[in-house]
Structure formats: C-alpha cells, structure tokens
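Student: okay, structure incoming, though there's no sequence with it:
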C-alpha cells in the first residue's frame, strides 16, 4: 500500500518569499493533517481536514499560512510571506475516519528560510 | 506549561539494558494516550497505545496513571535499533493529537 506522499522534500527560500507544499494521503483516508515540527520539538498540528472541510485550524497562523483540500483528496499548504521562524519540517499525515489516533505520516518537507 | 511534557534526554544506555521514560500531561480531559517513535530525520510512526491496565508488546510496556497524570514507556533488553526519539501523545476531544517534545534514546554497543 502506498504511503503518504509529500513534495518537495527540501526547500530553501529567502524570508518574505512564498512557498507551497503538496500532500497526497493514503487512499481512503478521509482525514488529513498538516503539522509543523521545529528542530528538537514534537509535531504541532496546524490544520485538520475531514474530506474537503476544515475540522480545526486554531493553531494555523492565518495571516501567512493557508491550506486547502479542494477535492477531499490531496492538499496544499502555503506560506506567504515566509519568516525565519517558519524554518521547520512540515509533516502531512492521514487517518481513517474514526481512527484519528492512528495517523500515518509522510516523509515531510524540510523548509529552510534564510 | 506545555500540555504534554517529556524529558528530552538523551538517555544513553548499553545494549541489553532496561530503560524507562515518563511523560506528564496537563489536560485531565485527555481521552487516550499513545507512544509514537521517530527515527532521526524520519517521520513519526505509531508504536503503541497506552491503557490504564497496562499494555505490553514484546519488549515494550506502556502504562497510564490517570490519578497522577503521567504515562510511562518501559523498554527491556534494549537493542541498537531502539535508538530513536519517543514521542508521548495525548488524544483529546476534537480528535486532536497533542505531541510531547520527545525523549531521545541512544543504545550503545
């Protein structure tokens, strides 16, 4: 079974530039999550989708971050404009509906903002 | 105060040793708990669930103490391949996972 796919794997940008990350969850997984993991810390949830609807985005910095899952399958997370403190690994995860504790993570996108 | 707190370590142990990690949580409404494992520069993966009655999976034992609001993970007969970061996770109403900062384990030959 294919896992969660993410691209790109690495991205280096300058502050104030824009960047977008893409995620394709495991087939059949209705719930999709975006996490931010800063070096030395645990993952922090940014946004959770159930199909194409947002379940929780309370920790998403909405002045610069946006995410969408228009067709309820793949998803895009965007940062515009980026700040130095956005340097982190952005992890996408998915789960079956009703089994939200068992999340399958993608390999992540390592973002460096200079 | 962080919702889920862990000692970051690192815990350096020899092969064959028994090692235990603790984790504390502040939200008494947390419904259930889990341990995830994260290898260096890799994604987190679910290791095991944690129950009040205890949960054993081979060399790994997880325990929950709701009265004291802490979770433990015990690893017996440590292997080199156990070297990783262990993330304590609380599952809350709203179907959200809250991760601790992780405890790093290094098993030496």
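Tutor: Yep, it's here. Because the structure is predicted, anything quoted here is derived from the model rather than measured. Numbering: from 1, shown residues only, chains lettered A, B, ... in the order given.

Student: the residue nearest to the spatial centre of chain A pairs with what?
Tutor: In chain A, the residue lying closest to the centroid (Cα atoms, centre = their mean) is residue A:34, at 2.9 Å. Counting by DSSP bridges, residue A:34 is bridged to residue A:47, residue A:92.

Student: does it touch residue A:89 like I think?
Tutor: No - Residue A:34 lies out of contact with residue A:89 (Cβ atoms under 8 Å); the separation is 11.4 Å. C-betas here are computed from N, CA, C, even on glycine.

Student: residues of the least confident helix or strand in chain A by mean pLDDT that come out buried?
Tutor: Ranked by mean pLDDT, DSSP states H and E, the weakest helix or strand in chain A is strand A:53-56, scoring a mean of 93. Under the neighbour-count criterion of 16 or more other Cβ atoms under 10 Å in any protein chain shown, strand A:53-56 has A:55, A:56 buried.

Student: does stretch A:12-24 reach chain B?
Tutor: No - Stretch A:12-24 does not reach chain B (Cβ under 8 Å from any Cβ of the partner chain); its nearest approach is 12.0 Å.

Student: quick one: that stretch to chain centroid distance?
Tutor: Using Cα atoms, centre = their mean, to the nearest Å, the distance from the centre of stretch A:12-24 to the centre of the chain it belongs to is 11 Å.

Student: what's the offset of the helix or strand that the least confident helix or strand of chain A is followed by from the middle of its chain?
Tutor: Once the chain leaves strand A:53-56, the next helix or strand it forms, by DSSP states H and E, is strand A:65-68. On the basis of Cα atoms, centre = their mean, strand A:65-68 is displaced by 9 Å from the centre of the chain it belongs to.

Student: ok, stretch B:20-38 next?
Tutor: 7 Å.

Student: stretch B:46-62 now?
Tutor: 10 Å.

Student: can you give me the end-to-end distance of it?
Tutor: This stretch, stretch B:46-62, spans 13 Å end to end (Cα to Cα, to the nearest Å).

Student: next one: residue B:64 from residue B:5, what distance?
Tutor: From residue B:64 across to residue B:5, the span is 15 Å (Cβ to Cβ, to the nearest Å).

Student: with neighbour numbers in mind, choose between these two.
Tutor: residue B:64 (21 against 16; other Cβ atoms under 10 Å in any protein chain shown).

Student: enumerate every residue touching the residue nearest to residue A:6 when sequence neighbours are not counted.
Tutor: Closest residue to residue A:6 apart from its sequence neighbours, by Cβ to Cβ, 6 or more residues apart in numbering or on different chains: residue A:106 at 3.9 Å. By Cβ atoms under 8 Å, 6 or more residues apart in numbering or on different chains, the residues touching residue A:106 are A:3, A:4, A:5, A:6, A:23, A:91, A:92, A:93, B:43.
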